[in-house]
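Peer 1: sharing a model prediction with you, sequence too.
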Amino acid sequence: MTNPLQVIYLARHGETAWSLTGQHTGLTDLPLTGRGEENARALRERLIGLKFGKVFTSPLQRATRTCELAGFGSVAEVDRNLLEWDYGQYEGLTTAEIHAKRPDWQLFRDGCPGGESPEQVGARADSMLSRVRTAGADVLLFSSGHFLRVLAARWLGLGAAAGRYLLLSTASLSALSYEHNPSSPVIQLWNDTRHVGASNLKDTEVQTQLKDTSLWPQRQ
């Protein structure tokens with residue numbers, strides 16, 4: 001039986017040089033690595049058979065290139081609400097480097113000096129969700145990790161700070177939907193990277209993958 005309730009699919013962009021080193025990559029417009037491009041093509045295979053009424057992408061090249069390699073470059077609409085968190089003065093720094101000067105710092109609680117607060121990112125997520133809810137069909141979004149984590153938290157009606165609990169790997173696929181009706185939002189699938197293959201993932205990413213195959217969305 002076809003599920004009549006809307007599903008919002010979230011695709012995080014493929015690997016970049018800074019995602020490998022753990023540097024905060026907000027508005028710096030980095031390209032994908034060779035492996036990042038390979039994994040974006042694997043995402044295309046994962047999405048075969050799924051139908052989308054709308055596809056949206058961040059304007060940053062790591063997202064638009066992932067979108068293109070996944071097979072949706074010709075139909076995707078650019079939406080600046082999908083931009084990654086603006087890290088301001090922390091752009092390009094690792095968490096360890098930030099903690100060396102500010103040991104108690106937490107992104108999802110404190111935001112970034114000269115950049116965005118959690119509330120500002122949450123407001124962008126709310127704007128994006130308002131747009132996709134009017135699509136009248138399933139939607140696919142291409143964006144970056146921290147923004148998508150906030151988006152998922154807001155989908156559930158939680159504050160942006162709850163995004164800290166939702167880890168996302170590069171080239172992953174996730175899905176937001178409802179359990180019974182639009183008043184019961186849920187996470188249907190989270191951080192699925194099985195299309196990429198364990199050999200291409202960091203050990204920490206492999207360990208965080210969901211193993212419950214009942215969460216795999218049915219292809220239509």
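Peer 2: Good, I have the coordinates. Remember, it's a predicted structure, so these values are computed and weren't measured experimentally.

Peer 1: now Arg124: closest residue in space that isn't a chain neighbour?
Peer 2: Distance criterion Cβ to Cβ, 6 or more residues apart in numbering; nearest residue to Arg124, sequence neighbours excluded, is Asn81 at 4.6 Å. Every residue, glycine included, has its C-beta placed from N, CA and C.

Peer 1: surely the one you found meets Met128?
Peer 2: Yes: at 4.3 Å, Asn81 counts as touching Met128 under the criterion of Cβ atoms under 8 Å.

Peer 1: who has more neighbours, these two?
Peer 2: Between Asn81 and Met128, Met128 has the larger neighbour count (other Cβ atoms under 10 Å), namely 25 against 20.

Peer 1: please enumerate residues in contact with the strand or helix carrying that one?
Peer 2: If you go by DSSP states H and E, Met128 is part of helix 118-133. With Cβ atoms under 8 Å, 6 or more residues apart in numbering as the test, helix 118-133 has contacts from 6, 8, 54, 56, 79, 81-83, 85, 107-111, 139, 141, 146-147, 150-151, 153-155, 159-161, 163.

Peer 1: distance of Leu173 relative to Ile98?
Peer 2: 29 Å (Cβ to Cβ, to the nearest Å).

Peer 1: and for Leu140?
Peer 2: Distance from Leu140 to Ile98, by Cβ to Cβ: 32 Å.

Peer 1: look at those two and report which has more neighbours.
Peer 2: Per other Cβ under 10 Å, whichever of Leu140 and Ile98 has more neighbours is Leu140, with 26 against 17.

Peer 1: contacts only, for the residue nearest to Arg124.
Peer 2: 124-125, 127-128, 131.

Peer 1: swap in 6 Å and give it another go.
Peer 2: Counting by Cβ atoms under 6 Å, 6 or more residues apart in numbering, Asn81 touches 124, 127-128.
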